[in-house]
Each structure stands twice: as C-alpha cells, then as structure tokens.
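# quick one, what's the 3D model for this:
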Amino acid sequence: MDILSLLGILVGIVAIIGGNAMEGGHISGLANAPAAVIVIGGTFGAAMLQTPMPTFRHAFSVLRWVVFPPVINMRDNIGKVINWSMTARKEGLLGLEAITEEESDPFARKGLQLLVDGGEPEAIRSILEVELITQEDRDLHAAKVFEAMGGYSPTIGIIGAVMGLIHVMGNLADPSKLGAGIATAFVATIYGVGLANLLFLPIAAKLKTTIKANSSQREMIIEGLIAIADGENPRTIELKLEGYVS
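Model (predicted):
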C-alpha cells in the first residue's frame with residue numbers, strides 16, 4: 001500500500017477544510033449538491049466523450065495503482081535474472097523450462113519461454129519490446145483520462161459559477177433566493193479547481209510514474225534475457241543491470 005498517496009489526499013482535504021474553519025467558515029458552506037452535480041457530472045461526461053470505451057474502463061482498472069501499485073523491486077528482479085543466468089550456464093537454456101513454469105510474471109515468463117525455445121537474441125528483443133511498448137502506451141492513455149479530467153474540471157466549475165450567477169440575476173427581486181445562487185456559483189468554482197489539483201492531476205502524475213517504473217523494470221528483464229541468450233557471464237550481467245537500480 002502506498003501510504004503517501006492516502007496521506008496526500010488527507011492532508012489536502014484537511015488543509016482546505018481547516019483553512020476554511022480558521023476563517024470562520026463552516027463545512028456546510030462547502031457542501032452544495034447542485035455544484036457537485038454540475039462539476040462532477042460535467043467532468044466525467046467530457047472525459048467519456050473524448051475517450052474510447054476500452055481506455056475508459058482500463059483507466060479505472062489501473063486507478064488502484066495510486067494506493068496499491070504493482071510490486072516493483074529492481075534488486076529482487078536482478079537477483080532473479082542472475083539466477084536464470086546461472087541455471088542456463090550450468091544446465092543450458094533447456095534448464096530454464098522448470099523456472100519458466102513457476103514464474104508468476106507473464107512478461108518474464110514469455111521471455112523465458114522464448115529463451116527455452118531457442119529464439120535468436122534480436123528476435124527475443126523485438127517480440128518483448130513490442131509487448132512492452134504496447135502495454136506502456138495502453139497504460140499511459142489510461143493515465144491521460146485523469147489528466148483530461150484535471151483539465152476539464154476547472155472549466156466546468158466556471159460553467160457552474162456562471163449558471164449560479166445567472167440564477168442570481170434572474171431572482172434579484174427575491175432576496176431569499178440570492179444566497180443559494182451565489183453559493184452555487186462560488187462552491188462550483190472551488191469544486192472544479194479542487195478536484196483538478198487535489199485529485200485528477202496528482203492521480204494522473206502518480207500513474208505515469210508507476211507506469212514508467214514498471215516499464216523500466218521490464219526493460220531490465222529484456223536486457224537480462226538478451227544477455228543470457230548471448231551467453232554472457234552472470235557477473236557481467238549483474239554489473240550491467242545494476243544501472244537500473246539507481
């Protein structure tokens with residue numbers, strides 16, 4: 001679990017509500033259902049309009065990575081690659097067959113299977129790089145859904161503010177209705193800017209960081225597998241892969 005993500009959300013919300021309380025405001029003053037409907041509904045509607053359905057679904061399937069990111073441990077994976085290298089050196093590439101069946105990572109398992117099948121190094125690299133690039137592109141498009149929401153949200157907030165002011169101007173003769181309209185106007189702006197800068201844009205940035213780290217881990221696995229296919233010494237492979245740790 002990524003505690004920093006949860007802590008960041010909590011600190012952001014507490015800072016806004018706490019600052020509002022310090023100025024003498026009340027939480028109830030920030031609660032406005034019409035403003036929430038306008039901003040949240042409008043933002044999701046705009047994002048849905050620009051995004052293909054598979055990408056939109058994938059965006060919410062990777063959303064869990066903000067709090068529960070995939071396990072990325074370069075040192076452990078370097079250790080695995082060195083173990084594969086030593087096995088291949090002692091028993092030949094066919095000795096990796098048992099390891100292939102036990103490997104939990106589909107990407108690594110595919111690479112090992114290509115090794116066991118006697119694939120040429122460049123062919124192995126080509127096949128794995130296509131999969132890496134395709135998956136990275138798919139994940140980045142999912143992250144951009146939240147980035148787009150961060151762009152739409154403040155603008156939809158302004159639309160909500162204008163709608164609230166229109167409501168106010170239409171009821172100038174009835175002072176009892178002015179308060180609700182003005183509240184919707186200002187709260188809609190807060191919702192739009194707040195959602196963009198406290199949730200949508202940080203979520204997009206966090207996902208992109210996780211995606212890049214995952215791709216880097218896969219690049220390291222590719223380099224390790226190619227080195228094994230070329231028959232390099234395990235120690236040489238380890239020194240080569242150490243560069244990914246930093």
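# was I right to think residue 149 contacts residue 45?
No. With contact defined as Cβ atoms under 8 Å, residue 149 and residue 45 do not form a contacting pair (10.5 Å). From N, CA and C alone the C-beta is placed, and that goes for glycine too.
# so between those two, which is more surrounded?
Just comparing residue 149 and residue 45: by other Cβ atoms under 10 Å the higher neighbour count belongs to residue 149, 24 against 11.
# element containing that one, please.
Assigned by DSSP states H and E, residue 149 falls within helix 121-169.
# one more: residue 111?
Residue 111 belongs to helix 106-116, assigned by DSSP H and E.
# need the contact partners of that helix.
80, 84, 88, 93-94, 96-97, 99-100, 103, 123-124, 127-128, 131-132, 218, 221-222, 225, 228-229 (Cβ atoms under 8 Å, 6 or more residues apart in numbering).
# average pLDDT for stretch 158-165, rounded please.
Per-residue pLDDT values over stretch 158-165 give a mean of 86.
# where does the protein dip in pLDDT?
Per-residue confidence of the chain (counting by pLDDT under 70) places the weak regions at 171, 173-181, 183-184, 246.
# re the thing from before, so among the contacts of helix 106-116, which ones count as buried?
For the contacts of helix 106-116, a burial check counting by 16 or more other Cβ atoms under 10 Å picks out 80, 84, 88, 93, 96, 99-100, 103, 124, 128, 132, 218, 221-222, 225, 228-229.
# just the buried positions in the helix holding residue 111, please.
Residues 107-108, 110-116 are the ones in helix 106-116 that count as buried (16+ other Cβ under 10 Å).
# how many other residues sit next to residue 71?
Applying the criterion other Cβ under 10 Å, we find 10 residues in the vicinity of residue 71.
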